[in-house]
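Participant: Generate a structure from the sequence data that follows.
(one chain, ligands or ions: 2)
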Amino acid sequence: MSDTSAEARIRDEISSNDVVLYMKGSPMFPQCGFSAAVVQVLSHIGVKFKGVNVLEDDAIRQGIKDFSNWPTIPQLYVKGEFVGGCDIVREMAAEGELQALFRDKGVEMATAA
Ligand SMILES: N[C@@H](CCC(=O)N[C@@H](CS)C(=O)NCC(=O)O)C(=O)O
Ligand code: FES
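Facilitator: Ligands and ions are numbered 1, 2, ... in the order given. Reported below is the predicted structural model:
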């Protein structure tokens, strides 16, 4: 971890929001198909989440990769823990594992899991 202020901001974001998606663009206007796919999965399940647009902040764009030791965006965090990127999130949702994770962690969903 090179940028300690980026790390501090990341720690603050993922501890003060149950579900955080580091993404390209905003939930309303994703600017990459991988980010858009995760937004769609989360919206379909019906969880509230905070989107962080890494395109607006190079320190966070790099910092989040260092933080998770994961090389790409998007990155989903639930209750402070890294869950995965687009492929993992999609696969977990298809298997019902993402819904189970939200349920186990006490994250409210609009749809029944
Ligand atoms: N297979 C990846 C797809 C994500 C991906 O390949 N992201 C690339 C292109 S958006 C990325 O973040 N590259 C580094 C960067 O743009 O900082 C996943 O499951 O999340
Ligand atoms: S911005 Fe090109 S693949 Fe994500």
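
Participant: going forward, measure contacts between C-alpha atoms and count neighbours the same way
Facilitator: Noted.

Participant: Low-confidence stretches in the chain?
Facilitator: Residue ranges of the chain with pLDDT under 70: 1-2, 111-113.

Participant: So which residues on it come close to ligand 1?
Facilitator: Phe34, Thr72, Ile73, Pro74, Gly85, Cys86, Asp87 (CA under 6 Å from any ligand atom).

Participant: how about the one helix or strand the last one maps to as PDB, C-alpha atoms only?
Facilitator: Using DSSP states H and E, Asp87 sits within helix 86-95. Only the C-alpha atoms of helix 86-95 are listed here, as PDB (Å, rounded to 0.1, in the frame of the first residue of the first chain):
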ATOM      1  CA  CYS A  86     -17.800  -8.900 -12.100                       C
ATOM      2  CA  ASP A  87     -17.300 -12.600 -12.900                       C
ATOM      3  CA  ILE A  88     -17.400 -13.700  -9.200                       C
ATOM      4  CA  VAL A  89     -20.400 -11.600  -8.400                       C
ATOM      5  CA  ARG A  90     -22.400 -12.800 -11.400                       C
ATOM      6  CA  GLU A  91     -21.600 -16.400 -10.600                       C
ATOM      7  CA  MET A  92     -22.400 -16.100  -7.000                       C
ATOM      8  CA  ALA A  93     -25.800 -14.400  -7.800                       C
ATOM      9  CA  ALA A  94     -26.600 -17.200 -10.300                       C
ATOM     10  CA  GLU A  95     -26.000 -19.800  -7.600                       C
END
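
Participant: and of the residues of the chain next to ligand 1, the nearest to Tyr22?
Facilitator: Nearest to Tyr22 among these: Pro74, at 5.4 Å, using CA to CA.

Participant: Which of the residues of the chain next to ligand 1 ranks first by neighbour count?
Facilitator: Within the residues of the chain next to ligand 1, neighbour counts (other CA atoms under 10 Å) peak at Pro74, which reaches 29 neighbours.

Participant: now the angle between helix 86-95 and the host helix or strand of Ser43, please.
Facilitator: Ser43 is part of helix 33-45 when elements are defined by DSSP H and E. Counting by axes from the mean of the first three to the mean of the last three CA atoms, to 10 degrees, helix 33-45 lies at 30 degrees to helix 86-95.
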